[in-house]
Each structure stands twice: as structure tokens, then as C-alpha cells.
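In: Structure here, sequence nowhere to be found:
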């Protein structure tokens, strides 16, 4: 399936007005022009927001949604009515003269990887934020949720190659470093290859991990790589999209507009007054959503689909509760 995502550089041939117009509440430099001070300020803002969400909304939900590796012995205590008799420690009970039960606890520590699509299409967005900004916020919230549960996190940035790898580690400094890299990453390539990211993930991790893949998934041919990854890991896809990915806006005066694929640079013209053209544009978007949904279902993996400007917190909560 050919990727045809619109870019911020498209123009109408009727009045040469740039589209989309500047969005309200988004003054200042773009992500590619952020200074060190800008990045540090954004990191701090995301930390405060993510911690607040983690503490007030995700308490227990993240923990319940992702299970530990198993149960390990913790201690013995006196038997009380209702304890499972299978867990009576007969050796300790014989020495002490009355019954004692073994107590177990979940081996909680998990390894959580984020596979983050940083191709050119992630920079697009017309509804309050770009897809990259939405991906960064979701990753930050999930990273601080993992931190509060004492889990390790790691990052793989990918385009049509692996752009950067941050190994698993714990701690606040590690999470803040990861968030800073999400904000400042400058990929070498503009294109997307999800297969490369999944293959790299399978190479670097021998043990079962939680793997979040964050992308618009406007790609094809990754079904087999996803199936292999889902057999080894607990894979969750988060597909992000923008309203203008779905439906062309109505331009003043109508007429032809120029669309540029931000990943390939391919340029085409589209008649916004033509009903068939608008329908074909919408159908292509629906195929991308449908293909991703079917691919993840067939691989035995989970998928969330979230739009820019949408309440992603509610979407995450609902997802966590469905997994419990």
C-alpha cells in the first residue's frame, strides 16, 4: 500500500494561501527549531503533567493491565482461616507446633520498550498538536507510569532505519533523558519501515517485554514481523492520526490543491471540489486504519487508535481496564 500522507506545505492554486494556517496556541519555534531552553521547559512541563496523570488517574490501572513474570516466595506467616492449604509450610509448622503458610508476591519488575516512529509524516498535525507531539505525550505518561511501578523503560526511534536506541534502565533521570530525546530527535531519513523496528526489537531483547509501537502505521508488509514479535512480547500498537488525514477541509474558493508526501517528496494535485476525489482520499485513510486493525488482530496484539486533539488519557484508561 502506497503511503500518501498530506504535508504542511500544500497550497491552493486559487489564492496561493498556505495551508494549514497557523494553529491557535502554538506560537514559537517548531520541534525542529527548539532551543535547549525550549526543550528543557517542555521536558519539565511533560514531567509535571505526566506525574499528575499517573498519580491521579492511572493508580493501579497500569499495574493491573501488565502482569509481572510470575510469583516468588516472600515469607511465612501463621496460618489463618481461609488460607489455601496447598501453601502450608509443613516443615516450619512442625518446628513451631502450629500451622504456617507460605506467602508469595508477584515478580513485578517489567521491561517496557517504546518503538517510536519519527518519520516525516509524524510532524503533520492540524488539530492542536502534531502526531509527534501526541506520541511524545503518550510516551511520557506511560514512562512515568512505568517509573512509579519500578519498571525499566527503553526506546527505539525508527524511520526506515533505526535512528536511535536507548537501552533499558530505571529512574527519573533516565525517563527525563528519554523524553528529551523524543522532543529533540532529528532523524536521518524521512521514510517509514516498521519491519526494521520490529526486527531490531527482537534482536536486542531475549526476554519477554511490554512493547508499545507508536506510529501512524501508514506502511505495509509488516504483518509477519509483528506476528513474530507478538509471540515473544506483549505488543501494543498506538496508531495516531490527524483529522486532515481522514477528510480534506473545504477550501475558500475550492479548486485544485497541491499535496506533497512528506516522506517521499512526491507531489500531486487534487481537485477539492470533486466528490470522487474527496471520497478516494477518505477511503485511503480508512484502509490504513482497517489494515492496521486487522494486522494487529491477526498477530494476537492489541491496538489503540487515537487522533490528535483527542482525550488520550481517557483512551488509555479504557484500554487498561479492558486488559484487566
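Out: Looks like it came in fine. This structure is a prediction, so every number in the text was calculated from the model and none was measured.
In: Every contact and neighbour count from this point should use C-alpha atoms.
Out: Fine.
In: how about the residue nearest the centre of the chain, phi and psi?
Out: Taking Cα atoms, centre = their mean, the centroid of the chain lies closest to residue 214, which sits 3.3 Å from it. Geometry field for residue 214 lists phi and psi as phi -110, psi 110, criterion degrees, to the nearest 10.
In: On the pLDDT front, check it for me.
Out: You'll see residue 214 listed with a pLDDT of 96.
In: Show me the beta-bridge partners of it.
Out: residue 116, residue 238 (DSSP bridges).
In: now swap in residue 304 and tell me
Out: Beta bridges link residue 304 to residue 238 when assigned by DSSP bridges.
In: residues in contact with it?
Out: The contact partners of residue 304, by Cα atoms under 8 Å, 6 or more residues apart in numbering, come to 236, 237, 238, 239, 315, 319.
In: Just give the number of residues close to the third one.
Out: It refers to residue 238. 20 (other Cα atoms under 10 Å).
In: Show me the strands in the stretch 201-324 of the chain, by range?
Out: When secondary structure is read from DSSP state E, counting those that start in this stretch, the stretch 201-324 of the chain shows strands at 210-215, 234-241, 256-260, 267-271, 302-307.
In: For the first one, which outside residues touch it?
Out: Same thing as strand 210-215. 66, 110-117, 122, 135, 233-240.
In: Now list the buried members of these.
Out: Of all the contacts of strand 210-215 considered here, the ones buried according to neighbour count by 16 or more other Cα atoms under 10 Å are 110-117, 122, 135, 233-240.
In: Output the lowest mean pLDDT helix or strand found in this structure.
Out: The helix or strand with the lowest mean pLDDT-type score in the chain, counting by mean pLDDT, DSSP states H and E, is helix 61-65 (a mean of 57).
In: hang on, residue 301 packs against residue 236?
Out: Yes: Residue 301 is in contact with residue 236 according to Cα atoms under 8 Å; the separation is 6.0 Å.
In: what's near enough to touch residue 198?
Out: With contacts defined as Cα under 8 Å, 6+ apart, the neighbours of residue 198 are 225, 226, 229.
In: How many residues are close by the second one?
Out: For residue 226, the number of neighbouring residues by other Cα under 10 Å comes to 22.
In: how much space between it and residue 43?
Out: As judged by Cα to Cα, to the nearest Å, residue 226 and residue 43 stand 31 Å apart.
In: So which residues of the stretch 1-150 of the chain form helices?
Out: 36-56, 61-65, 90-96, 131-148 (DSSP state H, counting those that start in this stretch).
In: for the stretch 101-250 of the chain, what are the low-confidence residue spans?
Out: With pLDDT under 70 as the threshold, the stretch 101-250 of the chain has low-confidence stretches at 104-108, 125.
In: Swap in 90 and give it another go.
Out: Judged by pLDDT under 90, the stretch 101-250 of the chain has its weakly predicted residues at 101-111, 120-130, 144-151, 190, 205-208, 218, 220, 242-250.
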